[in-house]
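**Q** build the 3D model from these lines:
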Amino acid sequence: MKFLLKLIMQGGYIMIPISLCSLIALTIVFERLVFLNKKKKVPLKLVKMIKNYSEEKVKHIIAFCKHDKSPLSEIVKKIILNRHLPHSEVTEIIQVTGRQETECFDRGLFLLDLIAAITPLMGLLGTVLGMIQVFNTISHVGSGQAQALSAGISKALITTVAGLIVAIPSLAFLHF
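**A** Numbering: from 1, shown residues only. I've put the predicted structure just below:
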């Protein structure tokens, strides 16, 4: 933990937004994993009911769908309730319901996408700021002072790495 704090301090103030982006990205990833783990369960009882569908079983299927709040249940309920409509209208109802039911799956992903896009740029900004520090040092003490130059170079490299460390997993989880 001390090493991580030391790196953040060495990277300069640009490490603050990169660190915040890291925490936000981790929060979104863990929340989405928990949410998707709950939602990925397909109600097997409903699948059996659909396979054995008959008009006599419609009331039981609708009752089950009202009780179970999975996306599949909502779609099946809409299909059954609108089964008297023409095929094209039922298809449209299914598409609209499907989009509504899947909206909850995308929550937070815009922010994760934004973090994946901006953290490398923040790292690049830190790199530029570190190089400016290096050139300022060169102008004051000359290029022969390696120890004086190393702080700016270190700052540049730390922020670049930090930006990439946040962006790469964020982008991977976004596409996962």
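
**Q** from here on, just use CA atoms for contacts and neighbour counts.
**A** Fine.

**Q** how about the helices in the chain?
**A** 2-11, 15-39, 44-51, 58-67, 71-81, 87-103, 109-141, 146-175 (DSSP state H).

**Q** what packs against the last one?
**A** Using 3 or more CA pairs under 8 Å, 6 or more residues apart in numbering; DSSP states H and E as the contact criterion, the neighbours of helix 146-175 among helices and strands are helix 2-11, helix 15-39, helix 109-141.

**Q** what angle do helix 2-11 and the last one make with each other?
**A** Put plainly, it is helix 109-141. For helix 109-141 against helix 2-11, the angle by axes from the mean of the first three to the mean of the last three CA atoms, to 10 degrees is 60 degrees.

**Q** shouldn't residue 94 be in contact with residue 80?
**A** No - with contacts counted by CA atoms under 8 Å, residue 94 stays clear of residue 80, the gap being 10.6 Å.

**Q** neighbour-wise, which of those two wins?
**A** A count of neighbours by other CA atoms under 10 Å puts residue 94 above the other of residue 94 and residue 80, at 19 against 15.

**Q** for residue 46, see how far away the closest residue to the more buried one other than its chain neighbours is.
**A** Excluding the flanking residues, the one nearest residue 94 by CA to CA, 6 or more residues apart in numbering is residue 75, at 6.3 Å. Between residue 75 and residue 46 the distance is 11 Å, computed by CA to CA, to the nearest Å.

**Q** helix or strand, whichever it is, which one in the chain has the lowest mean pLDDT?
**A** When each helix and strand of the chain is scored by mean pLDDT, DSSP states H and E, helix 2-11 comes last, with a mean of 76.

**Q** now that one: how far from the chain's centre is it?
**A** How far helix 2-11 lies from its chain's middle: 26 Å, per CA atoms, centre = their mean, to the nearest Å.

**Q** what does stretch 134-154 give?
**A** In terms of CA atoms, centre = their mean, the centre of stretch 134-154 is found 39 Å from the chain centre.

**Q** buried residues in it, which are they?
**A** Residues of stretch 134-154 classed as buried: 134, 135, 137, 138, 148, 149, 151, 152, 153, 154 (neighbour count, 16 or more other CA atoms under 10 Å).

**Q** how is this protein divided into domains?
**A** Annotated domains of the chain cover 12-36+109-175, 42-106 [automatic domain parsing].
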